[in-house]
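S.K.: below are the sequence and a predicted model; questions follow.
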There are 2 protein chains.
Amino acid sequence: MPRYSAPIKDLQFVLHDVLDVTRADIPGYADLDPAFTAAVLSEAGRLASDVLAPLNATGDRIGCTLENGTVRTPPGFAGAFAQLRQGGWPALDCDPAYGGQGLPYLMGTAVGEIFVGANMALNMYQGLTHGAYSAIHAHGTAEQKATYLPRLVSGEWSGTMNLTEPQCGTDLGLIRSRAEAQPDGSYRITGTKIFISAGEHDLAENIIHLVLARAAGGPEGTKGLSLFIVPKFLVTEAGGLGPRNRVVASRIERKMGIHANATCQMEYDGATGFLMGGLHKGMRAMFTMMNEARIGVGVQGYAVAEAALQNAAAYARDRLQGRAASVPANPSGPADPLIVHPDIRRSLMDQRAFTEGARAFTLWAASLIDRATRTGDTEAEALVSLLTPVIKGFQTDKGFDSTVAAQQIFGGHGYVEESGMSQFVRDARIAMIYEGTNGIQALDLVGRKLGADGGKAIMAFFELVTTFCSENGTDPRMLPFATPLKAACKDLQTAAMHFLQTAPKSPDTALAGATDFLHLMGHVCFGLIWARMARAALAALDRGHPDAAFLDAKLATARFYMARHLPATALHLARITSGADPVMALPAEAF
Amino acid sequence: MPRYSAPIKDLQFVLHDVLDVTRADIPGYADLDPAFTAAVLSEAGRLASDVLAPLNATGDRIGCTLENGTVRTPPGFAGAFAQLRQGGWPALDCDPAYGGQGLPYLMGTAVGEIFVGANMALNMYQGLTHGAYSAIHAHGTAEQKATYLPRLVSGEWSGTMNLTEPQCGTDLGLIRSRAEAQPDGSYRITGTKIFISAGEHDLAENIIHLVLARAAGGPEGTKGLSLFIVPKFLVTEAGGLGPRNRVVASRIERKMGIHANATCQMEYDGATGFLMGGLHKGMRAMFTMMNEARIGVGVQGYAVAEAALQNAAAYARDRLQGRAASVPANPSGPADPLIVHPDIRRSLMDQRAFTEGARAFTLWAASLIDRATRTGDTEAEALVSLLTPVIKGFQTDKGFDSTVAAQQIFGGHGYVEESGMSQFVRDARIAMIYEGTNGIQALDLVGRKLGADGGKAIMAFFELVTTFCSENGTDPRMLPFATPLKAACKDLQTAAMHFLQTAPKSPDTALAGATDFLHLMGHVCFGLIWARMARAALAALDRGHPDAAFLDAKLATARFYMARHLPATALHLARITSGADPVMALPAEAF
């Protein structure tokens, strides 16, 4: 059975050496001294290793069951969820006005990795609840906040997002669920929603559904959608549980992975709902949840990859098979451990370069979110909005590949469910799909974020990279990082320019190159964060940091990324500049 | 539920336009006229679509069960296997001396794709039987051939390969199963074998296990291994079933995919076995099976990808979601079909360029095998030996990616098992692992095949590509294919030279670059076959071939491959020339 150990040393390195959080001018960050963050992360790590991780495989094997509208989660899940709740983890970065602990989003993100790495399916119940909390916090009335937020923050109640319907996933303009206004100001919601994660379960006493539906009087398409709060149990004036609402789970899906998270079909049959965020303004409110959810999914990309890597590395150190090409590493044993073989080492380095890069990049983005929300910095907000599709799309594509590579190290044993490596692959697969498929992320980046506000955010990103390169181009120790980063960024600039120049004649060029642009940009982002990590490691070594081995490994991994991954930018650029014609040449009927 | 339709038009194009089989100077090829091959392929296609494909999803869902040593295959499998047998399909390319139909290996490979595409797990029972047939045919005594081959050819009996043990997969030198010579010339085989595909089942009346074990008097390691025939039921003098042998299935594995193929742990408890191919010469005989099996696994790579692509393309044509950027394709409907979107089209083209390229490349390699076995051409033999790791390793890596891309087109519906797209991904995953992991394929290519016989085979391959480029570099219509192919081949030559130059100082360089070399070479192979397909399509158009749309699509897909995939050679070369240092810099303890 796989084991999980929270990567606390690496998280601490990112928080304190790379981001230098206590000196960042963001309210609340001064309190995040190394001893405090270590205590929080260690406590989360203990719960993750001891309680959540041991339930991961059984959750996968047993899954959820639906009987008469009641969903039963796998054995042990209710107890583990209660421990999460009792530890105050759902409240970590929530508003103290509603019982939250008020820690920065950064800390929620760091802790989130740990819980996801230990048990992705279980943590989803909490993740969706946090999304509902954020949406109500941002768009609810004072009364709605008072009614729902304290119980969501405490984890007594959980939340969901209801967007998808049988005829529409990506294209929400096709939503048919409807809302009829009632004399008392509430609405009656009727329709079928599918693929609702955590739509029904036995972990919380109430479930607060946020539902996109169509009320009379609005335009067609997405602009006619409104968002409604639809609790499973209506809430009494005193804040207790009232009558059961007219919403039931009619089916749960048999899926490739995340078996322990119930994916429900929900039937709203005149259920009572409460408008939130203004009539026909549902998309705006829903985007609050979706943007947060997209960062959360990007975390899943590397959290599961980290768990898979830990187990692959342990297997590679233990499993004796073959001999090293030069000198035997285990001459008294029957064979050398797998890890002596360069092709195995290459794969482990690929996985490591990805997970560590993604962790640092995502935590940097989380700090930008804190900067935006806690200081009102609109440039930080625009930048993180630009980076969100990269975090979601690039990191889950690469994260999935990373789990496949980890599974491969086990050979045939990786294909057998007993090793647990298959589960990592199957669980990681969903992250490329939900909260907007990665193709949609690429279109969001190219079609919306790139040109937003006259391209201000992407220009700021270019500026940031080139400034870093010129600031560090004079240090001979940083040249091996700054030089390839500069070249990679030039590829990204060329690609953006190509889109700009071809757009008037061929709008399809940017669309056909969108996924390659997402990956090109992902590599530049990772090149930047690896160069920043290298600089931080060098500085720490200069200061006489006691763990030189850790810092040397960091520098070696940074060099690996520069040598073996960053050159991919040229390939993506070549594909982009080959244009839309090769992609669109075949008529649809030819397929 | 997914559907499957045999790609007969494309198979015919490869056989007759690309390979021009009836004019090839290989015994038996003159008979392969278009009408005959179309009849064979259509008949296989009918069986595949009507009988095998409808059982694929139920086979996955229900899987195999083991009770008291008896394995039950999923409902319908026995009947379907009987139809395969009655149709004479297992006998297709077997020796007429033992009841085979004597068709070329090429035809067995073409038909094999069809059966695998329809139901990979079911076809494995047949594929392993063919491997056992080939090994006994090549290495058995006259009596062994007479005893076993007719029933393997007829499909009444099936076969297995028994290599893996708990302590060894790749490193067969660690095998512990032992064989004790008996006075009657037989051996008593004792040991545990794991991961034995089709080790026990209810589809055939007898199972002929080929077992690697260690007999007294041999050296340690692989050179002390011998190969034994161990039938489930001993065969009487009259050729009938005698007593049950002392071998049982003690366990079947719960796996990520190919649920309908029983993966067994086999206990040999003093089972009676018969030496085949000479004492301590087991590896040689086993390699006959393994090489064939590796080509077969390479076929699985594109066969499953083809099935997944067919379903993804159908979904993309049907599913209405979003609007085309320019002009609506379905103005009277609620939305346009997915296929209008360039990013969807890109993905479908990726899948198409892979599956069609792999099909043509593999069938060309199959024709080389026929040339080697039917004319004794040792150059053809050396060439196909060089190409085998590419067929197995590159094609199954890319084939898996292709199924993931096909699943992605379905969005959330692809993650739900009901669509069947998850099964394609889960089934395709094993092909990267068994018959030697793809890492082992890369080492086989770089460490063994590249330098074999003074590098004769790779030099012949370079010669073949450069000759093609210079012969076609004068035709302006072929320049768009010959020019990038030439550049890609130069990357491959540079990489090979780099290995040669660095080998004395750093043997790890080639090992660390092995997987990249495998992929670099895979792209050059596919570049060559796509250029050959382009030339064949142009020639057919010149001749006034009636299906211009098919040929135009072929040319467009060739251009797509050149524009978007072949440039990957530069990335692989960059990784290779970055050397072993970035890969090996971290000490093993750092992981």
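M.R.: Yep, that arrived.

S.K.: and the helix or strand containing residue A:532 with chain B, contact?
M.R.: Using DSSP states H and E, the element containing residue A:532 is helix A:514-542. Yes - counting by Cβ under 8 Å from any Cβ of the partner chain, chain B is contacted by helix A:514-542 at A:514-515. No exception for glycine: its C-beta is placed from N, CA and C like everyone else's.

S.K.: so which bits of the helix or strand just after that helix are buried?
M.R.: For helix A:514-542, the succeeding helix or strand toward the C-terminus, using DSSP H and E, is helix A:548-560. By 16 or more other Cβ atoms under 10 Å in any protein chain shown, the buried positions in helix A:548-560 come out as A:551-560.

S.K.: can you give me the strands in the stretch 251-400 of chain A?
M.R.: Here the stretch 251-400 of chain A has its strands, by DSSP state E, counting those that start in this stretch, at A:263-276.

S.K.: need the residues of it near chain B, please.
M.R.: A:253-257, A:263, A:313, A:316-317, A:320-322, A:325-326, A:329, A:334-335, A:337, A:339-349, A:352, A:400.

S.K.: so among these, which ones count as buried?
M.R.: A:253, A:255-257, A:263, A:313, A:316, A:320-322, A:335, A:337, A:339-349, A:352, A:400.

S.K.: ok, residue A:299 - how many residues close by?
M.R.: For residue A:299, the count of nearby residues is 33 (other Cβ atoms under 10 Å in any protein chain shown).

S.K.: who touches it in this structure?
M.R.: A:109, A:112-113, A:116, A:362 (Cβ atoms under 8 Å, 6 or more residues apart in numbering or on different chains).

S.K.: what distance do you get for it to chain B?
M.R.: 19 Å (Cβ to the nearest Cβ, to the nearest Å).

S.K.: quick revisit: farthest-separated two in the contacts of residue A:299?
M.R.: By the measure Cβ to Cβ, A:116 and A:362 form the most distant pair in the contacts of residue A:299, at 11.6 Å.

S.K.: export the buried residues of helix A:548-560 as TSV, with columns for distance to chain B.
M.R.: Putting those into TSV (distance: Cβ to the nearest Cβ, whole Å) gives the following:
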residue	distance to chain B
A:551	11
A:552	8
A:553	5
A:554	10
A:555	9
A:556	4
A:557	7
A:558	10
A:559	5
A:560	4
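
S.K.: pLDDT added to those, as TSV?
M.R.: As requested, those are exported to TSV (pLDDT from 0 to 100):
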residue	pLDDT
A:551	98
A:552	98
A:553	98
A:554	98
A:555	98
A:556	98
A:557	98
A:558	98
A:559	98
A:560	98
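
S.K.: any idea which of the residues you listed is the one closest to residue A:98?
M.R.: residue A:554 (39.1 Å).

S.K.: number of residues surrounding the nearest residue to that closest one once chain neighbours are set aside?
M.R.: In space, residue A:554 comes closest to residue A:537 once its chain neighbours are excluded; the distance is 4.4 Å by Cβ to Cβ, 6 or more residues apart in numbering or on different chains. Around residue A:537 there are 24 other residues, counting by other Cβ under 10 Å.

S.K.: not counting sequence-adjacent ones, nearest residue to residue A:588?
M.R.: Nearest non-adjacent residue to residue A:588 (Cβ to Cβ, 6+ apart): residue B:339, at 4.8 Å.

S.K.: the one you found and residue A:591 touch, don't they?
M.R.: Yes - with contact defined as Cβ atoms under 8 Å, residue B:339 reaches residue A:591; the gap is 6.6 Å.

S.K.: what's residue A:213 sitting at in phi/psi?
M.R.: phi -150, psi 170 (degrees, to the nearest 10).

S.K.: and for it, the neighbour number?
M.R.: Residue A:213 has 29 neighbours, counted by other Cβ under 10 Å.

S.K.: before we move on, back to that, so what sits against both of residue B:339 and residue A:591?
M.R.: Jointly contacting residue B:339 and residue A:591 under the rule Cβ under 8 Å, 6+ apart are B:313, B:316-317, B:348.

S.K.: from those, which are also near chain A?
M.R.: B:313, B:316-317, B:348.

S.K.: of those residues, closest to residue B:575?
M.R.: Distances from residue B:575 to these, taken by Cβ to Cβ, are shortest for residue B:348, at 28.2 Å.

S.K.: the closest one and residue A:44, how far apart?
M.R.: For residue B:348, the distance to residue A:44 equals 43 Å [Cβ to Cβ, to the nearest Å].

S.K.: can you list the residues of the stretch 101-250 of chain A near chain B?
M.R.: Within the stretch 101-250 of chain A, the positions near chain B by Cβ under 8 Å from any Cβ are A:164, A:167-171, A:173-174, A:194-195.

S.K.: just name the closest of the contacts of residue A:299 to chain B, please.
M.R.: Closest approach between the contacts of residue A:299 and chain B, by Cβ to the nearest Cβ: residue A:116, at 17.4 Å.

S.K.: which residue, other than its chain neighbours, is closest to that closest one?
M.R.: residue A:303 (3.7 Å).

S.K.: is it true that that neighbour touches residue A:109?
M.R.: No - the criterion here is Cβ under 8 Å, and residue A:303 misses it with residue A:109 at 10.3 Å.
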